[in-house]
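Asks: My questions are about this predicted structure, shown below with the sequence.
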Amino acid sequence: MGMESTAEAPQPVRVVLQAVGGWIGRLGRIWVEGQIAELNRRGQTAFLTLRDPVANVSVRVVCPVRVLEAAAPAPEQGARVVVHAKPDFYVARGTFSLLALEVRHVGLGELLARLERLRSVLAAEGLFADSRKRRPPFLPGTVGLICGRGSAAERDVLENGRRRWPAVRFEVREVAVQGDRAVGEVVNALKELDGLPGVDVIVIARGGGSLEDLLPFSDEALVRAVAATRTPVVSAIGHEQDTPLLDLVADVRASTPTDAAKKVVPDVGEQLRHVRQLRDRGRRVLQGGIAREQAWLAGMRSRPVLASPLREIDRITEQIEGLRDRARRCVTASLDRAGDGLAHTRARLHALSPATTLARGYAVVQRADGAVVRAAAEVAPGEELRLRFAEDSLTATAGGTGGEDTDD
């Protein structure tokens, strides 16, 4: 029932807004689909702007953070969602909004959300860790290939692999690469090739497609089977922008099947060029080393000691003779100085010697025991004395008168 009002008796704003709020409150809970144009979090509440994907209209949605995060992964800006909400009209400001009770991803978004949850679980188990990834051999003897029947992916891998290294061998297993049977057939082929002793690396290849077409290569059973293989696995699914979970668990990811052949099989022409480059580099290194040694040898040979050995001997001989003459002069000078000193000492000794005094006519009187007599009073009468002259000596007996010496 409509509200009655006239220009003379208008309704107050509060009454109108309260009536609008009452009408909206009677709408009950509804499901609304749209795209998140804006998303802001404030504490435990998130404020969304939900825009219609066709018309240029939008609505404000108030959503508790726990409700938003329950739609794992939590929707981000740009995601298409379905919101179970209760319409609400804020009378104080006259604004309309939706109070979200549940948020779900729409269609493809819901599928991506399920894959994201699986990816998080497998990553937590360490299946995507770089530490467990193995490096394929440089030159595999046999390459295992899992691909669709008569597919372009098979042709790309075989042709490019054999063009790069004609001697390489392939063990091909053709399986369903989409549909309900794809996971089982790929897993069985993987286990079979992993059990063959001659297979050094396994390539799982498929051309591009939609998310639904590539869904088998994100299956948990296939991902766990790849993680359990003892043989390195190369993932070559779709195009560069396609990233199934197989890419994350595989030891090597190739952007395309052609890229997988390049990563697994070395190019014989490129390897031959590399060998030639290394050989040329080694030759240059050896030649440079020999040239440096030759230059060093030429420099050594040009030195005087090697260019004319006899000249060096003559120089050394002259040096030795010079040192010998110098030593002789030094010794002669030392002997002359020592002779002069000795002569000087002998002259002094001769001047001070008693023999010199005796030579002038003096004599030394000694007792029998050799003691020198310095006064006549020291001699007893009849004592035998020895008179020593410069050249000889004689014996005498002392007299006994008045202390005067008397010779026999």
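Replies: Received it, and whenever you're ready, just let me know what you need.

Asks: List the contacts of D194.
Replies: D194 makes contact with G144, I202, T229, R230, T231 under the criterion C-beta atoms under 8 Å, 6 or more residues apart in numbering. For every residue, glycine as well, the C-beta is placed using N, CA and C.

Asks: For E220, state which of those residues is nearest.
Replies: Nearest to E220 among these is T229, at 15.5 Å by C-beta to C-beta.

Asks: Apart from its chain neighbours, what residue comes closest to the closest one?
Replies: Excluding the flanking residues, the one nearest T229 by C-beta to C-beta, 6 or more residues apart in numbering is D194, at 4.6 Å.

Asks: How about the secondary structure of the one you found?
Replies: Classification of D194 using DSSP: H, G, I helix; E, B strand; the rest coil returns helix.

Asks: Selecting buried members of the contacts of D194 in ChimeraX, what would you type?
Replies: To isolate the buried ones among those in ChimeraX, judged by 16 or more other C-beta atoms under 10 Å, type:
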select :144,202,229,231
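
Asks: Need the max-distance pair from the contacts of D194.
Replies: Among the contacts of D194, the pair separated by the greatest distance (C-beta to C-beta) is G144 and R230, at 12.2 Å.

Asks: for the stretch 301-408 of the chain, which spans come out with low pLDDT?
Replies: Residues of the stretch 301-408 of the chain meeting the criterion pLDDT under 70: 359-361, 400-408.

Asks: Please, where are all the helices along it?
Replies: Assigned by DSSP state H, counting those that start in this stretch, the stretch 301-408 of the chain shows helices spanning 304-307, 309-352, 354-359.

Asks: the helices in the stretch 1-150 of the chain, which residues?
Replies: Applying DSSP H, counting those that start in this stretch to the stretch 1-150 of the chain gives helices spanning 13-25, 65-70, 108-124.

Asks: What mean pLDDT does the longest one get?
Replies: The average of the pLDDT scores along helix 108-124 is 80.

Asks: change the start of the numbering to 51 and stick with it
Replies: Shifting the count to begin at 51 puts that one at helix 158-174.

Asks: List the buried residues in that helix.
Replies: By neighbour count on 16+ other C-beta under 10 Å, the buried set for helix 158-174 is G159, A163, L165, R169, L172.

Asks: which ones are touching A173?
Replies: L298.

Asks: Please parse this structure into its domains.
Replies: Following automatic domain parsing, the chain resolves into domains at 63-156, 189-316, 408-447.

Asks: what ranges do the strands span in this structure?
Replies: Along the chain, counting by DSSP state E, strands occupy 80-92, 95-101, 108-114, 130-140, 145-155, 192-198, 219-225, 249-256, 283-287, 302-303, 414-416, 434-438, 443-447.

Asks: what pairs with T192 across the strands?
Replies: Using DSSP bridges, the beta-bridge partners of T192 come out as R219, V249.

Asks: Point me to the residue sitting closest to the centre of the chain.
Replies: S181 (17.0 Å; C-alpha atoms, centre = their mean).

Asks: Check the spacing between it and D301 real quick.
Replies: To D301, S181 is 12 Å away according to C-beta to C-beta, to the nearest Å.

Asks: ok, now V283?
Replies: Using C-beta to C-beta, V283 is found at 5 Å from D301.
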